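1. here is a sequence together with a model predicted from it:
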Amino acid sequence: MNLDELLLPDRVHRRLYTDPAIYDEEMRTLFRRAWIYVGHESEVRHVGDYKRAKIGSEPVILVRGEDEAVRVLVNRCLHRGALVCREEKGNGKFFRCPYHAWTYRNNGELMGVPKRSRYPRDFDLGRLGLVNVPRVESYRGLVFACFDDDIEPLIDYLGPVRNYVDATLDFSLSGEIDLSVGVSRHRYPGNWKLQMENGVDGYHTAFVHETYIGIMSRAEEVELKFGSHGEDQGWTETFPRGHAVLARRADPRAIDVLRGQFPEYTSALEAKHGSERLLEILAHMNVFVFPNLFLIGHQIRVVQPVSVAETEVMMYPYLLAGAPEALNLKRMAEHEGFYPPTGFGTPDDYEVFSAVTEGLQAMSTPWLLLNRGAHDYQDLGDGVRRGTPTDEIHQRAMYTEYARLMGSGSRGGEA
């Protein structure tokens, strides 16, 4: 699909959010050509553990087989197409189709077909196993899969955004996290790319989340941890392949604040990383891995397209492995205060997404502007660019990668 007329260097056309044909092409093309996050290793820690996920619109199963290998299987019976796994997560040695009881081992092999004698002699179970997604790789416990066997290795796909992924996860002394807490699922009426753009958008924060900021600004600890909200205290960076980060410096006193509450843990972190790196770890970061994964504060967030005008968002608050229980409880309380549907932040965002979705029905003004900061940004080399927190440099980088994967080769822009 040629989207050149809909994707310009400083703006995008409303049809990207409203056209079902474009949405279908995204599912067929973009989501099958990029590394897609499907889960965390802590969710399939034991042999037989599994969880359901999606790659675009394609249902898959993340599973640890009897050989302890982690696989991603297409969740579709090879007989008549039913899901073979309907539980969101669990543990088992096999998957059985609810329709005609075709049964598959948890490595995908077809192991049993009822009344097999009625099939031809050349009926070969070995050729009818569940489809294995050909590429499965992980980084820091984050498991990604891709249908394109020729895609670059995951570590190269992530590139320099890994530094921010590392900083986020290194708040755990062991470097490991645990997603056993559960998941908060909710939907909004709008295209999935609205959340893709918004998760690292620093321009909206002071206006959409004005109430929350007003309350939190009275808490000195928040200011010490996250620094001031001024543009000189934060930045946005974009990376090759459409990744981005919105970051805000931690106040230098943040280490002392943490030490006052968790002295032993703070000292251990400081001994391992040093004071300078620990301040980077304590910074507030919204990390985006193209096309639909965020690491934000206390959570892993997955943006799951449902239709051209409906999106499911899954937020997985995580525990820091080896951290004091009180610290993990504090993090969970902070998460609950802002991110669930009953929190301060998410309802604000979804209300705006709804307003944008309704506004996009206006055909007389078809363009959405993404030109903020286009005249003034830093080129840091190797495809990395930096702007202020309120710039739209990240959205422009996202759509450059979007155009590449969707086959729109002539798009200009910064990335």
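-> Sure, I can see it.

2. what about residue 119, neighbour count?
-> By other C-beta atoms under 10 Å, 11 other residues sit near residue 119. For every residue, glycine as well, the C-beta is placed using N, CA and C.

3. ugh, typo on my part, it should be residue 363
-> With other C-beta under 10 Å as criterion, residue 363 counts 9.

4. next secondary structure after the helix-or-strand element of the chain with minimal mean pLDDT?
-> Counting by mean pLDDT, DSSP states H and E, the weakest-scoring helix or strand in the chain turns out to be helix 220-226, with a mean of 45. Later in the chain than helix 220-226, the nearest helix or strand by DSSP states H and E is strand 234-238.

5. hmm, who's touching the helix or strand hosting residue 352?
-> Assigned by DSSP H and E, residue 352 belongs to helix 346-359. Contact partners of helix 346-359, identified using C-beta atoms under 8 Å, 6 or more residues apart in numbering, comprise 17, 186, 188-191, 194-195, 198, 204, 208-209, 211-212, 309, 338-341.

6. relative to residue 318, how far out is residue 41?
-> 12 Å (C-beta to C-beta, to the nearest Å).

7. out of the two, which sits in the busier spot?
-> residue 318 (25 against 18).

8. which pLDDT value belongs to that one?
-> Per-residue confidence at residue 318 stands at 97 (pLDDT).

9. list the contacts of the closest residue in space to it that isn't next to it in sequence.
-> Nearest non-adjacent residue to residue 318, counting by C-beta to C-beta, 6 or more residues apart in numbering: residue 177, 4.3 Å away. Taking C-beta under 8 Å, 6+ apart, we find residue 177 in contact with 40, 42, 141, 169, 318-321.

10. contacting residues for the residue nearest to residue 173 when sequence neighbours are not counted?
-> Setting aside the residues directly before and after it, residue 173 is nearest to residue 322 in space (C-beta to C-beta, 6+ apart), at 5.0 Å. Going by C-beta under 8 Å, 6+ apart, residue 322 touches 172-174, 176.

11. tell me the one of those residues nearest residue 365?
-> residue 172 (47.1 Å; C-beta to C-beta).

12. ok, the closest one touching residue 321?
-> Yes. Residue 172 is within contact range of residue 321, at 5.2 Å (criterion: C-beta atoms under 8 Å).

13. the two: which has the busier surroundings?
-> Neighbour totals were compared for residue 172 and residue 321, and residue 172 leads with 19 against 16 (other C-beta under 10 Å).

14. how close does the nearest residue in space to the more buried one that is not next to it in sequence sit to residue 205?
-> With C-beta to C-beta, 6+ apart as the measure, residue 320 is the residue that lies nearest to residue 172, at 4.0 Å, once sequence neighbours are left out. According to C-beta to C-beta, residue 320 stands 25 Å off from residue 205.

15. try residue 305
-> 25 Å.

16. between these two, which has more neighbouring residues?
-> residue 305 (23 against 19).

17. who does the helix or strand containing that one pair up with?
-> Assessed by DSSP H and E, residue 305 sits inside strand 299-307. According to DSSP bridges, strand 299-307 has the following sheet partners: strand 293-296 (antiparallel), strand 310-317 (antiparallel).

18. buried residues, that strand. List them.
-> 299-305 (16 or more other C-beta atoms under 10 Å).

19. let's verify the residue nearest to residue 173: helix, strand, or coil?
-> coil (DSSP: H, G, I helix; E, B strand; the rest coil).

20. what are the contacting residues of stretch 79-90?
-> Against stretch 79-90 from outside (C-beta under 8 Å, 6+ apart): 43, 49-52, 59, 61, 75-77, 95-100, 102, 104, 128, 130.

21. for that stretch, buried residues please.
-> Buried, per 16+ other C-beta under 10 Å, within stretch 79-90: 84-85, 89.

22. how far does that stretch sit from the chain's center?
-> 23 Å (C-alpha atoms, centre = their mean, to the nearest Å).

23. may I have the distance across it, first residue to last?
-> Terminal residues of stretch 79-90 are spaced 23 Å apart (C-alpha to C-alpha, to the nearest Å).

24. and if you look at stretch 354-364?
-> 19 Å.

25. would you mark the buried spots in it?
-> In stretch 354-364, counting by 16+ other C-beta under 10 Å, buried: 356-357, 360.

26. mind putting those residues into JSON lines with distance to residue 13 and pLDDT?
-> Formatted as JSON lines, those follow (distance: C-beta to C-beta, whole Å; pLDDT from 0 to 100):
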{"residue": "356", "distance to residue 13": "14", "pLDDT": "93"}
{"residue": "357", "distance to residue 13": "15", "pLDDT": "95"}
{"residue": "360", "distance to residue 13": "10", "pLDDT": "96"}
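
27. okay, those residues in JSON lines with distance to residue 111 next?
-> Converted to JSON lines, these look like this (distance: C-beta to C-beta, whole Å):
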{"residue": "356", "distance to residue 111": "49"}
{"residue": "357", "distance to residue 111": "46"}
{"residue": "360", "distance to residue 111": "49"}
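
28. list the contacts for residue 112?
-> Counting by C-beta under 8 Å, 6+ apart, residue 112 has contacts 101-103.

29. for residue 378, give me phi and psi.
-> When read as degrees, to the nearest 10, the backbone of residue 378 gives phi -100, psi 130.

30. how near is residue 341 to residue 347?
-> For residue 341 relative to residue 347 (C-beta to C-beta), the value is 6 Å.
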